[in-house]
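Trainee: let me see the structure of the following:
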Amino acid sequence: MEMWSNLGSIMASVLFIHTMAKQYLPPEFYDMFSKWMRRVMGIVSSNISVVIEENDGIKVSEVYEAVQTYLSVRSSSAAKRLKLKKPQNNKEFTFSMDRNEQIAEEYEGIKVCWVFHSSERKQQVMFSWDSTSQEKRYYELRFHKKHKQKIFDEYLPHIMAEAKALEIRSRYRKIYINQSGSRDYEYRNRVWTPVVFDHPATFGTLALEPELKQDIVEDLQRFSRREKYYRQVGRAWKRGYLLYGPPGTGKSSMIAAMANFLEYDIYDLELTQVKSNTELRKLLIATTNKSIIVIEDIDCSLDLSDRKKKKKPQSSTDAEKDKKPSEPGKPDEKENEESKVTLSGVLNFTDGLWSCCGSERLFVFTTNHIDRLDPALLRSGRMDKHILLSFCTFEAFKILAQNYLSIEDHELFPEIQDLMEAAQMTPADVTEHLMKRADHPTTALRDLIQALREAKERIANGPLKGISEENASATEDQV
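Mentor: Numbering: from 1, shown residues only. Modelled structure (predicted):
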C-alpha cells in the first residue's frame, strides 16, 4: 500500500514539474525537457507512441492529411477544445483539434488516444529586427504495446480507408494559389493555399464552335482513360494545352469547364511570386494528381520571348524611356527583380525530369500573343494542343442567346449572322449586350445589332488591333 502511495506522489510531482516547465521554459528548452521526460516515462510505461508529422520531405504527408480528415469528424463530439472554420463558398462548418488537445476512441476493443501537437519557433532574420516563425505540427497515436501488430495491420489502414471515403462524400473542388506566408493557420507551412472552387462554367455553356468543342471534349476523355498507355510508351501521364487569342474570348471559362468536366482541382500559378527555379520545382512537387496547373497570360509574367530574335541595341531615347514609371495597370519590371525564374526553369517545369513526379495532370497556359512565346515552349511534349479562341461566330452566338435570353431562334437572327462574321466581336462583348436587356430579348438583340454595325464600321475604317497576325492566321488545332 505504501509503495502505491509513493508511486502516486512521484507521478503527481512529475505532472507538476511538466506543467511548470511548459508554462515558464522557452520553447527550445521545453522541447529538450519533453524529450527527456518521454525517455523517463518510456522506461516505466507499457504504451507505444507513433508520431505522424505534417511534412514528408517537401510534400505534405498523405498519412497526416488522412488522420486530419479522420479525426475532424470525431473531434466535434470527443474533443474539449476545438477550432471552428467555414471556408469560403463552403456550406458546412469544419472542426479540428486545437493545440495539445487529445481524443480517445476504441477500435475492436483496443483503446487508443490521439494527441495533436504544435510548437512554434521564432528565428531572427539576419540584419533585421523582424523574426520569422516556423511551426512543427504532428499527431501522436498512443496505445498498449501488446496491440502493436493489430494497430499497424488493421487500425491504420482502416483510418486511410475511412478518410478517403469521407473526402469523397464531402468533396469540393478547390483552386490553389501560391501565396507565401498564408495567414490561415492550417496552411501556414504549405506552399499552396486552397479556396473552394464553385465556377458554373461547363462545355454546355461555352460559346464555341460545336466541332471545336467536341474535339476538346474527346481529347480530354482520351487523356483521362490512358494511364496504361502512357506508361507503356514511357511518357509521364500529363498533357499540355495552350489557349490563345484576343482578350475576352473565354480562356478562363475554358479552364473552369475543363476542371468541372474532369473533376480536377486547379493550381493557379503566379510566376511573379516565384523567386527561383528551385522554388518552382517545389511548387510542382506539392501539387496533387488529378489537377490542372494553370499559368494565365504567361507572356506577361516573365520574359519568355523567342530567343532567336535578336535584341536591338538600346539607344539613348530607349534608356530615357526605361527610367519613366510604368503605365497604370502594367507591372513595373523592377517589381519582379527578385524573381529569378528563367525560361529554362519553365521548360523543365512542364517537361523535365521533375514533371513526372505526379500523374494525371494538365498544364494549361494562356496568352493573348502567341507570337511572343519561345518556340521551345510551344512544341509537342510541353504544349501538346494549341487552341485558338477567337471572335464570336454565329454558332457561338446561338449558345449565348440560349444561355442569356432563353431563346433558340428569332426573326433578327439572320441579320445578326450577316453582321457577326464582319464585326469581329468577342464573346465577352456579345454577352455584355445580351445581359443588359435579358428581360426583353428583342430589345437586347436590336442593341446587339447596333453594336455589331458600329464594330463593322470601325474595322472598315482602320486595321484591327485586337489580335496579332499570327493569332489570326493560326489554326484552331495545332499540335
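Trainee: all strands for the stretch 1-150 of the chain, in order.
Mentor: 47-53, 55-56, 59-60, 82-85, 94-97, 102-107, 110-124, 131-144 (DSSP state E, counting those that start in this stretch).
Trainee: nearest to Arg222, of those strands?
Mentor: For Arg222, the closest of the strands of the stretch 1-150 of the chain is strand 59-60, at 29.0 Å, according to Cβ to Cβ. Where C-beta positions appear, they are placed from N, C-alpha and C, glycine not excepted.
Trainee: and that closest one, which strands flank it?
Mentor: strand 55-56 (antiparallel) (DSSP bridges).
Trainee: off-centre distance for the partner strand?
Mentor: 19 Å (Cα atoms, centre = their mean, to the nearest Å).
Trainee: rewinding a little: and the strands of the stretch 1-150 of the chain: which comes nearest Tyr172?
Mentor: strand 94-97 (10.7 Å).
Trainee: show me what that closest one is packed up against.
Mentor: Packing contacts for strand 94-97, counted by 3 or more Cβ pairs under 8 Å, 6 or more residues apart in numbering; DSSP states H and E, involve helix 62-78, strand 82-85.
Trainee: partner strands of that strand and their direction?
Mentor: Applying DSSP bridges, one finds strand 94-97 paired with strand 82-85 (antiparallel).
Trainee: is it possible to export the strands of the stretch 1-150 of the chain to a markdown table including mean neighbour count and mean pLDDT?
Mentor: Listed next are the strands of the stretch 1-150 of the chain as a markdown table, based on neighbours: other Cβ atoms under 10 Å; pLDDT from 0 to 100:
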| stretch | mean neighbour count | mean pLDDT |
| --- | --- | --- |
| strand 47-53 | 14 | 88 |
| strand 55-56 | 13 | 78 |
| strand 59-60 | 18 | 76 |
| strand 82-85 | 14 | 70 |
| strand 94-97 | 19 | 72 |
| strand 102-107 | 14 | 88 |
| strand 110-124 | 15 | 77 |
| strand 131-144 | 15 | 76 |
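Trainee: save those as TSV, and put in distance to Leu262 too.
Mentor: Output for those, formatted as TSV (distance: least, Cβ to Cβ, whole Å):
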stretch	distance to Leu262
strand 47-53	31
strand 55-56	26
strand 59-60	22
strand 82-85	28
strand 94-97	25
strand 102-107	36
strand 110-124	34
strand 131-144	32
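Trainee: just so I know, which of these lies nearest Leu243?
Mentor: Here strand 59-60 is closest among the strands of the stretch 1-150 of the chain (Cβ to Cβ), at 28.6 Å.
Trainee: isn't Pro237 up against Leu362?
Mentor: For residue 237 the amino acid is Trp, not Pro. No - taking contacts as Cβ atoms under 8 Å, Trp237 lies outside contact range of Leu362: 10.3 Å.
Trainee: quick one, which of those two is more surrounded?
Mentor: Leu362 (23 against 18; other Cβ atoms under 10 Å).
Trainee: so the more buried one touches Lys238, yeah?
Mentor: Yes - using Cβ under 8 Å, Leu362 is in contact with Lys238, at 7.0 Å.
Trainee: ok, how many other residues are close to the nearest residue to Asp429 once chain neighbours are set aside?
Mentor: Distances taken as Cβ to Cβ, 6 or more residues apart in numbering place Gly248 nearest to Asp429, at 6.3 Å, with adjacent residues excluded. Neighbour count of Gly248, defined by other Cβ under 10 Å: 19.
Trainee: in a helix, Gly248, correct?
Mentor: No - Gly248: not assigned to a helix; according to DSSP: H, G, I helix; E, B strand; the rest coil it is coil.
Trainee: per-residue confidence at it?
Mentor: pLDDT, Gly248: 92.
Trainee: likewise His147?
Mentor: The model's pLDDT for His147 equals 91.
Trainee: that one is in contact with Ile110, isn't it?
Mentor: Yes - contact between His147 and Ile110 holds when scored by Cβ under 8 Å: they sit 4.8 Å apart.
Trainee: the nearest residue to Leu412 once chain neighbours are set aside: what's it in contact with?
Mentor: Spatial nearest neighbour of Leu412, chain neighbours left out: Leu445 (4.5 Å); criterion: Cβ to Cβ, 6+ apart. Shown in contact with Leu445 (Cβ atoms under 8 Å, 6 or more residues apart in numbering): Ala401, Leu405, His410, Leu412, Ile416.
Trainee: what's the answer for Glu408, then?
Mentor: Counting by Cβ under 8 Å, 6+ apart, Glu408 has contacts Lys398, Ala401, Gln402.
Trainee: so what does it look like in phi/psi?
Mentor: Glu408 adopts backbone torsions of phi -100, psi -20, taken as degrees, to the nearest 10.
Trainee: what of the one 10 residues further on?
Mentor: Backbone torsions of Asp418, given as degrees, to the nearest 10, read phi -70, psi -40.
Trainee: I'd like to know how far it sits from Lys456.
Mentor: 10 Å (Cβ to Cβ, to the nearest Å).
Trainee: ok, now which ones touch Glu105?
Mentor: Arg74, Ala78, Lys111, Val112, Trp114.
Trainee: which of these lies closest to Pro157?
Mentor: Val112 (14.3 Å).
Trainee: the closest one against Glu106, yeah?
Mentor: Yes - with contact defined as Cβ under 8 Å, Val112 reaches Glu106; the gap is 7.4 Å.
Trainee: surely Asp219 touches His386?
Mentor: No - using Cβ under 8 Å, Asp219 is not in contact with His386; the gap is 11.8 Å.
Trainee: quick one: residues in contact with the host helix or strand of Ile255.
Mentor: In this structure, Ile255 sits in helix 251-262 according to DSSP states H and E. Helix 251-262 has contacts (Cβ under 8 Å, 6+ apart) with 173, 197, 199, 201-203, 205-206, 216-217, 220, 224, 241, 243-245, 264-266, 290, 292, 294, 296, 362, 364, 366, 387, 389.
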